[in-house]
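# After the sequence you'll find the predicted model.
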Amino acid sequence: MTNMNNKFEADTGKILDIVINSLYSEREIFLRELVSNASDALDKRKYLGLTDKKIAISSEASEIKIEVNNKDKTLSVVDNGIGMNEEDLKSSLGTIARSGTKAFLEQIATNAKDKKPDMSMIGQFGVGFYASFMVADSVEVLSKKAGENQAWKWSSDGKSGFNLEKADKEDVGTSITLKLKKDAKEFLEETRLQFIVRKYSDHISYPVKLHEIDKKDAEIKTLNEASALWTRPAKDIKEEQYQEFFSHIGAGFGKPLLTMHNNTEGTISYTNLICIPSTRPFDLFNPDRKSSLKLYINRVFITDKCDALIPSYLRFIKGLVDTQDIDLNVSREMLQNNPAVAKISKSLVGKILRELKKVSEKNADGYKSFWKEYGAVLKEGLYEDAERKEALLDLCRFSTNENDDPISLSEYVEKMPEKQKDIYYISAETKDQALASPHLEGFKSKKIPVLIMTDAIDQFWLPMVGSFKEKKFTSITQGQINLDDLDEKNKDKKKDDKNEKEKKDKEYVDLVAQLKVVLGDQVKDIRLSSKLTDSPVCLVADEGDMDIAMEQLMAQRDTNYKGAPRILEINGDHSLIKNMKSLLSKKENNDLVSDAGTLLFEQARLMEGKMPADPAQFSKIMNQFLLKAIPN
Ligand code: ADP
Ligand code: MG
């Protein structure tokens, strides 16, 4: 093709490159993508037709045609949907809408290395149209937008750019014509086309009709069932049909973790056909990522942007809700505050949480995969949805320093020693980091399990929720935790213990005083620890101060953020601390003790993933110590 008057955006070119050179055995999916777009276009026209009679189209007239021209070796997918004008063609077929798409596709392409990447998921990334170039040397899109007079023709060879010009077209809608590649002639065969449409597009609500235009008297055949899948009885629907339906609506591919197809009648009536995809979408944690649950009113697609339909902590739920209990003429904006939508949402959330509970009880492996993919999102509900707190806490799972498989809070509480009052947790960026923390030492030696919190959201819901079954959530990096109190054996010795502790505190008074002078206001306090066994020191947050992990989050957001000073806990049983104490009592080498104190403090910071407070001073003292260890 010559004479391209528009260049592809750099990203588009790159994506086309990846697509065209991708997995050829999956080429047939191009048809699924084109039919899917045609069906979306019909949905849009139907919706707009509700309020604008000029562009309305009857249900009977809505259809998708596959036109085969054996002579010219072309295949066209024709719809009488909403159509595209010049602007639409430029923006929809020349740019990549969703951020992150390019990076993600590049990643699949690189990961695939020797094998060709699996492009069957392409529809998920809002680039399904480009799949046409897997089978076509060139593609022509002829389109006339509903309500407009001028038609436009977009054409491209999928390489450098596209051509866009005015054209003639009588009917509203879009006709996409592929000039098939030499090795793609199979897509002219009726049986092949029929097979593909049945396989991927049977659930489409509009008829998909095959039309062999250069064959005389060829009958026009409808290739699909052409009734909305969710209106059929669940017992008549095969698992594969559900799967194809979900992939059509961008829920990813393969068997979902959970499929729910129910009809609810009562104060509010609706049908839901929803799933939890087996893997989470790549942008689930993107801040603008919202739910995309589709709302249909009486089988007319209304919107997939109704946030009131499902809370954001269930945004991984894909599928649709169809109801007759909302007025078709209600505007999309008004839906947000519509009482019927609120009722459906409430009922649906309850249903989903109950279903998840069932899975957690009956299918341990399934629930484990669910939790791994979506746990961090579901936990947002603990923060946002006070009403469902109990149900959500019940569904939560946590790793501990003792278990590889995450456990429920009930399991944790059941195993608590009698004297343990609180639910202990430690926050860190990764599980490994948590396991290496000195704070865990005493808990490990006393075999008290500690929950490991590695998701950012944990820092928000924990203070909000506060407790589970009257057991307080307690961070082991915050406040004073006296593990000796928890020793079953020590039951009767409590008084002795107290005396013992006082005695020990006294022994260390001088060292603590000396270190306070050295560290000044870098620390809030210095005290003996009851939870360290192997490490000489650690830093803890004071009772009312921000926990360490939360402070790290704040610091990520604001580089100038300086948290409150920490409390330095020292381990009176550690030889280093003991030696420092005796050295000090001899009043011989105060400076050495002071320098050791500085090093230990900086070390404790390093263990938390922080830079030394004074890197230059740290290095200087460190080198002095090294020199003593490595003498001439
Ligand atoms: P997606 O369908 O995920 O948005 P596609 O690459 O399949 O991504 O399509 C890009 C866009 O092009 C669509 O969102 C739509 O706006 C437009 N489009 C494609 N095909 C048609 C069609 N047959 N009628 C109207 N618009 C279409
Ligand atoms: Mg598409």
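That came through, no problem. Ligands and ions are numbered 1, 2, ... in the order given.

# Need the nearest residue in space to D405, chain neighbours excluded.
The spatial neighbour of D405 that comes closest, neighbours along the chain excluded (Cβ to Cβ, 6 or more residues apart in numbering), is K368 at 6.9 Å. Where you see a C-beta, it was placed from the backbone N, CA and C, and this is true even at glycine.

# how distant is the helix or strand harbouring that neighbour from the center of its chain?
Here K368, judged by DSSP states H and E, is contained in helix 364-378. What separates the centre of helix 364-378 from the centre of its chain is 11 Å, taken as Cα atoms, centre = their mean, to the nearest Å.

# So for the residue nearest to D405, what's the pLDDT?
Confidence at K368, expressed as pLDDT, is 95.

# Which elements pack onto the helix holding K368?
Here helix 364-378 is seen to pack against helix 339-362 when contacts are counted using 3 or more Cβ pairs under 8 Å, 6 or more residues apart in numbering; DSSP states H and E.

# thinking again about what came up before, how much does the helix holding K368 deviate in direction from helix 339-362?
Using axes from the mean of the first three to the mean of the last three Cα atoms, to 10 degrees, the inter-axis angle of helix 364-378 relative to helix 339-362 is 140 degrees.

# Please identify the buried residues of helix 364-378?
By neighbour count, and taking 16 or more other Cβ atoms under 10 Å as the criterion, the buried residues in helix 364-378 are 367, 370-371, 373-378.

# can I get those in TSV with distance to V509?
Below are the buried residues of helix 364-378 laid out as TSV (distance: Cβ to Cβ, whole Å):
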residue	distance to V509
Y367	53
F370	54
W371	49
E373	53
Y374	52
G375	47
A376	46
V377	50
L378	49
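
# Which of those residues lies at the shortest distance from I423?
Out of the buried residues of helix 364-378, the one with the shortest distance to I423 is G375. That distance is 17.3 Å, counting by Cβ to Cβ.

# residue contacts, the closest residue to the closest one other than its chain neighbours?
Nearest residue to G375 in three dimensions, chain neighbours excluded: R397, at 6.3 Å (Cβ to Cβ, 6+ apart). Contacts for R397 (Cβ atoms under 8 Å, 6 or more residues apart in numbering) come out as 367-368, 371, 375, 406-408.

# got it, and K65?
K65 touches 76-79, 208-211, counting by Cβ under 8 Å, 6+ apart.

# Could you rerun that using 10 Å?
By Cβ atoms under 10 Å, 6 or more residues apart in numbering, the residues touching K65 are 38, 76-80, 173, 175, 207-211, 213, 220.

# now I476
Contact partners of I476, counting by Cβ under 10 Å, 6+ apart, are 422, 424-427, 434, 437, 439-440, 442-443, 448, 450-451, 483, 531, 538, 540, 547.

# neighbours of K44, just the number please.
K44 has 16 neighbouring residues, counting by other Cβ atoms under 10 Å.

# Run a quick check on it versus N80, I expect a contact.
No. Using Cβ atoms under 10 Å, K44 makes no contact with N80, being 11.8 Å away.

# Name the residues contacting each of the two.
The overlap between the contact sets of K44 and N80 (Cβ under 10 Å, 6+ apart) consists of A146.

# Stretch 566-578: which residues count as buried?
Under the neighbour-count criterion of 16+ other Cβ under 10 Å, stretch 566-578 has 566-572, 574, 577-578 buried.

# What values do phi and psi take at K166?
The phi/psi pair for K166 (degrees, to the nearest 10) reads phi -70, psi 150.

# what packs against the one helix or strand Y242 maps to?
Y242 is part of helix 239-248, with elements assigned from DSSP H and E. Helices and strands touching helix 239-248, as assessed by 3 or more Cβ pairs under 10 Å, 6 or more residues apart in numbering; DSSP states H and E, comprise helix 29-51, helix 190-201, strand 258-264, strand 270-276, strand 318-323.

# repeat that with 8 Å
Based on contacts counted as 3+ Cβ pairs under 8 Å, 6+ apart, the elements that helix 239-248 packs against are helix 29-51, helix 190-201, strand 258-264, strand 270-276.
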